[in-house]
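S.K.: task: produce atomic coordinates for the following.
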Amino acid sequence: MEHYNKNNINILIEQMPKTPRISISFFFKVVKKEKFAGINSLLARLLLQGTKNYSASKLAELFENQCIDITSKAKQDYLKLSLVFLNEDLKEAINLTKDLILNSTFNDYKKEIYKMKNEIISDLDNPKFKLTDCFVKTIFDNHPYSATHTKILESIDNITKEDIIETHKELLKNFHSIVFVGDCENKTELIDYLSSNFNFLESNDTKNEIEDLFTTQNKEDKLIFIPKNDAQQAQILQGWLVPSFNSPLSPNYSILNNILGAQGLSSRLFVNLRDKQGLAYTVRSQYETLLHSAIFDLYIGTAPININKSLLGFEDELQKLADKAPLNEELIGARENIKGRLKYFSQNNSQICSIQGYNYTMGLGLDYNEKFLSKLDKVTAEDVSNTAKNLLQTPKLTVIIAPEEYRIE
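M.R.: From the prediction side, this is the model:
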């Protein structure tokens, strides 16, 4: 992928000859704390709900008739507007996108708030979703990353149309890049075309105020028990704040994650807690990276009577890796699994567009994947063991949902 800057607009292009569909994404960075939790997500939804030129129903009809697949999504660190369409529909797709970004009316914000609230309430009826919500809200306490569903419910009714308009203006100031992946006959013409159509956007290096807000540090282990008496299964989530993708330790955590619980049927948690001990219905580990931090967590769904055994199982598996480095074949298997997953999710134009746009927006560079894979090959078994030791010495957060009679303190 190549980077160009025309009229102060970052344009990333990956030429994919003879592919029938083009993928384009527009990335906007989130650099300020939301005035109200969830307002960026609400804005992302409203961008597709009508402009000064077209009603929501007319927009849906236009996109459907042109076979243009469009999504708008807000995440913790960015908002992304993505389109996939046939090569011959480039001009139509660009015209509609320009209209969405410039002329969205946000007139249906009350209806969208109502829909969003009911979706959140429905999600929180799911014990596993409620578990994750509590975990994230707690571990990122006092930071914008803590804006989970429950926090959104607390403030969403206070959002006004003026708040949405101001959020939209702020987002346009923090436009980051246009990413194009597809068949491109004339790159120079494409750059001119994109830069002229979106000359109202500028790629600014705005100070990221969110980074300065990150003061969350767990001083000691914390356990939260959420009683749910009708639950047939106990849900347990245990995790730590750890270095993110911008740390040299990131490859170590990636391999530790793969060995512990991200490799499916052959991962240690699956083999030892599910197969050998019969503790788990579901068990896994996860290493989730964000711009300002990352979470390493372990999850298990088990019979309530097995809560203590499961927690001991988590500790035991980490301790085994801390005491004895993994065998070389296990290390090689973890590397190959991570490489295979990365390759699998980088096959089509849409996936390439999303991954490369994300890497560039997060400041990782367009060669981040290659550098990461190179670093992955340098991780030793002792590095993995030391990473497990570090986790055991780091304060952890544990959240449990189960019937009251199984409460632990």
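
S.K.: dump the residue contacts of residue 183.
M.R.: Contacts for residue 183 (CB atoms under 8 Å, 6 or more residues apart in numbering) come out as 15-20, 22, 87. For every residue, glycine as well, the C-beta is placed using N, CA and C.

S.K.: and which of these is nearest to residue 167?
M.R.: Of all the contacts of residue 183, residue 167 sits closest to residue 22, with 29.0 Å by CB to CB.

S.K.: residue 1 against residue 368, yeah?
M.R.: No. Residue 1 is beyond contact range of residue 368, at 10.8 Å (criterion: CB atoms under 8 Å).

S.K.: returning to what we had before: buried ones from the contacts of residue 183, can you make that a PyMOL selection?
M.R.: Provided next is the PyMOL selection string for whichever of the contacts of residue 183 are buried by 16 or more other CB atoms under 10 Å:
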select buried, resi 16+22
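
S.K.: in JSON lines: the contacts of residue 183, plus secondary structure, pLDDT and distance to residue 282.
M.R.: Conversion of the contacts of residue 183 to JSON lines gives the following (DSSP: H, G, I helix; E, B strand; the rest coil; pLDDT from 0 to 100; distance: CB to CB, whole Å):
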{"residue": "15", "secondary structure": "strand", "pLDDT": "95", "distance to residue 282": "42"}
{"residue": "16", "secondary structure": "coil", "pLDDT": "95", "distance to residue 282": "37"}
{"residue": "17", "secondary structure": "coil", "pLDDT": "94", "distance to residue 282": "43"}
{"residue": "18", "secondary structure": "coil", "pLDDT": "93", "distance to residue 282": "42"}
{"residue": "19", "secondary structure": "coil", "pLDDT": "95", "distance to residue 282": "37"}
{"residue": "20", "secondary structure": "coil", "pLDDT": "95", "distance to residue 282": "39"}
{"residue": "22", "secondary structure": "strand", "pLDDT": "97", "distance to residue 282": "38"}
{"residue": "87", "secondary structure": "helix", "pLDDT": "95", "distance to residue 282": "42"}
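
S.K.: strands along the stretch 251-400 of the chain, start to end?
M.R.: 280-289, 294-302, 397-402 (DSSP state E, counting those that start in this stretch).

S.K.: report the rounded mean pLDDT for the last one.
M.R.: Spelled out, it's strand 397-402. Average pLDDT, strand 397-402: 98.

S.K.: cool, and the second one?
M.R.: Across strand 294-302, pLDDT averages out at 96.

S.K.: the inter-axis angle of it versus strand 280-289?
M.R.: Interaxial angle, strand 294-302 versus strand 280-289 (axes from the mean of the first three to the mean of the last three CA atoms, to 10 degrees): 170 degrees.

S.K.: which strands or helices does strand 294-302 pack on?
M.R.: Packing partners of strand 294-302 (3 or more CB pairs under 8 Å, 6 or more residues apart in numbering; DSSP states H and E): helix 127-139, strand 234-242, helix 250-257, strand 280-289, helix 307-323.

S.K.: so how far is the shortest one off the chain centroid?
M.R.: Mean C-alpha position of helix 250-257 versus that of the full chain (CA atoms, centre = their mean, to the nearest Å) differs by 17 Å.

S.K.: return that helix as PDB; C-alpha atoms alone will do.
M.R.: Extracted as PDB, the C-alpha positions of helix 250-257 are listed here (Å, rounded to 0.1, in the frame of the first residue of the first chain):
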ATOM      1  CA  SER A 250       3.200  -7.000  22.200                       C
ATOM      2  CA  PRO A 251       4.400 -10.100  20.200                       C
ATOM      3  CA  ASN A 252       5.100 -11.800  23.600                       C
ATOM      4  CA  TYR A 253       1.500 -11.300  24.700                       C
ATOM      5  CA  SER A 254       0.200 -12.400  21.300                       C
ATOM      6  CA  ILE A 255       2.100 -15.700  21.600                       C
ATOM      7  CA  LEU A 256       1.100 -16.200  25.200                       C
ATOM      8  CA  ASN A 257      -2.500 -15.600  24.300                       C
END
